[in-house]
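Undergrad: Make a model of this:
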Amino acid sequence: MRKTIAMLALLLLGAAGAAQAAMVARPVGYTLDGTAFRGVLVYDDAVAAKRPGLLMVPNWRGVNDTAVAKAKMIAGRDYVILLADMYGEKVRPKNDDEAREAVKPLYADRALLRKRVVEALEVLRAQAAGAPIDTARLAAIGFCFGGTSVLDLARSGADVAAVVSFHGGLGTDDPALAKQIKARVLAINGADDKGTMPDADKFMDEMRGSGADWQFVVLGNAVHCFTETEDHSPGCMYDARAARRSYRMMRDWLDEAFAGKP
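TA: Numbering: from 1, shown residues only. As a prediction, this is how the structure comes out:
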């Protein structure tokens, strides 16, 4: 009897360990305009229920181990996340100088940026064939350059419930595109972010004319990169309090958007 109980206990512990280690991070390849891209699909496969799908565009360093870890943290048991590849599978910046060169063509050609982020959304939607994604509940989130990207996804008129930009660039090449926005737009920036905040007034004017449900949150005492644990410089600094608050706002914003609440 004792031996049976001990065996059951070991089995239960093993099952618990398996459940805790059930986070999937699966490469997803696709091609656009002759360029091969490779994102990463992240979700907890211990949960069978369908859940919202999030397109996540990382900072200018692109798809790397840090970005995958962040996607796992956000996904938990709540979301299926596709970590978008905006550069192509052969471009994986190892430092800021390489990231600056990788991102430069996309900032110079915002139509190309929008084309790539729209394609990544369609790739996420297609993953519902093999992952527990509720395609009626799709949204996008992005960090730094990724924040710029998801704001441009909204400006493209993409059919998503919401976008959330964390310390992202607020400027646009064409303010008139805002009239195409269908998503609920949440932008969260640090009050002392010298890179993005100069565009704040123009961004708010753009959103006022869009007719969209939008919110612009300015976090006091925060600079750029406040969610990025790997970046450390006077103007680009992780802030645990700002990160915690912004993630909470993200979840509230997504919950309301998916529920269709005003």
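
Undergrad: Only C-alpha atoms from now on, for both contacts and neighbour counts.
TA: Noted.

Undergrad: Give me the next element, helix or strand, following the helix or strand hosting K70.
TA: Taking DSSP states H and E as the criterion, the element that holds K70 is helix 65-75. Scanning forward in sequence from helix 65-75 by DSSP H and E, the next helix or strand is strand 80-83.

Undergrad: what bits of the stretch 151-262 of the chain have low per-residue confidence?
TA: Regions of the stretch 151-262 of the chain meeting the criterion pLDDT under 70 cover residues 231, 261-262.

Undergrad: Wait, a strand at L124?
TA: No: under DSSP: H, G, I helix; E, B strand; the rest coil, L124 falls outside any strand and is assigned helix.

Undergrad: And the residue nearest the centre of the protein?
TA: Averaging the C-alpha coordinates of the chain gives a centre point, and the residue nearest to it by C-alpha atoms, centre = their mean is M56 (2.5 Å).

Undergrad: How much space separates that residue from C236?
TA: With distances taken as C-alpha to C-alpha, to the nearest Å, M56 is found 20 Å from C236.

Undergrad: for this structure, what spans make up the strands?
TA: The residue ranges that make up the strands of the chain, judged by DSSP state E, are 23-32, 35-44, 51-57, 80-83, 133-143, 162-166, 184-190, 214-219, 232-233, 236-237.

Undergrad: R92: which of those strands is closest?
TA: If you check each of these against R92 by C-alpha to C-alpha, strand 35-44 wins as the nearest, at 10.6 Å.

Undergrad: next one: stretch 42-49 to chain centre, how far?
TA: Once both centres are worked out by C-alpha atoms, centre = their mean, to the nearest Å, stretch 42-49 turns out to sit 18 Å from its chain's centre.

Undergrad: ok, back up a step: switch the strands of the chain over to CSV; also include distance to D205.
TA: Formatted as CSV, the strands of the chain follow (distance: least, C-alpha to C-alpha, whole Å):
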stretch, distance to D205
strand 23-32, 34
strand 35-44, 34
strand 51-57, 25
strand 80-83, 30
strand 133-143, 22
strand 162-166, 17
strand 184-190, 14
strand 214-219, 11
strand 232-233, 31
strand 236-237, 26
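
Undergrad: on that earlier part again, these two touch, right, the residue nearest to the centre of the chain and Y79?
TA: No: counting by C-alpha atoms under 8 Å, Y79 is not a contact partner of M56; they are 11.0 Å apart.

Undergrad: Let's see stretch 49-67 as PDB, backbone CA atoms only.
TA: What follows is the C-alpha trace of stretch 49-67 in PDB, where atoms were taken according to Å, rounded to 0.1, in the frame of the first residue of the first chain:
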ATOM      1  CA  ALA A  49      -8.800  25.800 -24.400                       C
ATOM      2  CA  LYS A  50      -8.600  28.300 -27.200                       C
ATOM      3  CA  ARG A  51      -7.300  31.700 -26.200                       C
ATOM      4  CA  PRO A  52      -6.600  35.100 -27.800                       C
ATOM      5  CA  GLY A  53      -3.700  35.300 -30.300                       C
ATOM      6  CA  LEU A  54      -1.200  38.100 -29.900                       C
ATOM      7  CA  LEU A  55       1.200  39.300 -32.600                       C
ATOM      8  CA  MET A  56       4.300  40.500 -30.600                       C
ATOM      9  CA  VAL A  57       6.900  42.600 -32.400                       C
ATOM     10  CA  PRO A  58      10.100  42.800 -30.300                       C
ATOM     11  CA  ASN A  59      12.500  45.700 -30.000                       C
ATOM     12  CA  TRP A  60      15.100  46.500 -32.700                       C
ATOM     13  CA  ARG A  61      17.200  43.500 -31.600                       C
ATOM     14  CA  GLY A  62      14.500  41.400 -33.300                       C
ATOM     15  CA  VAL A  63      14.000  37.700 -32.600                       C
ATOM     16  CA  ASN A  64      16.400  36.400 -29.900                       C
ATOM     17  CA  ASP A  65      16.400  34.500 -26.700                       C
ATOM     18  CA  THR A  66      15.500  37.600 -24.600                       C
ATOM     19  CA  ALA A  67      12.500  38.300 -26.800                       C
END
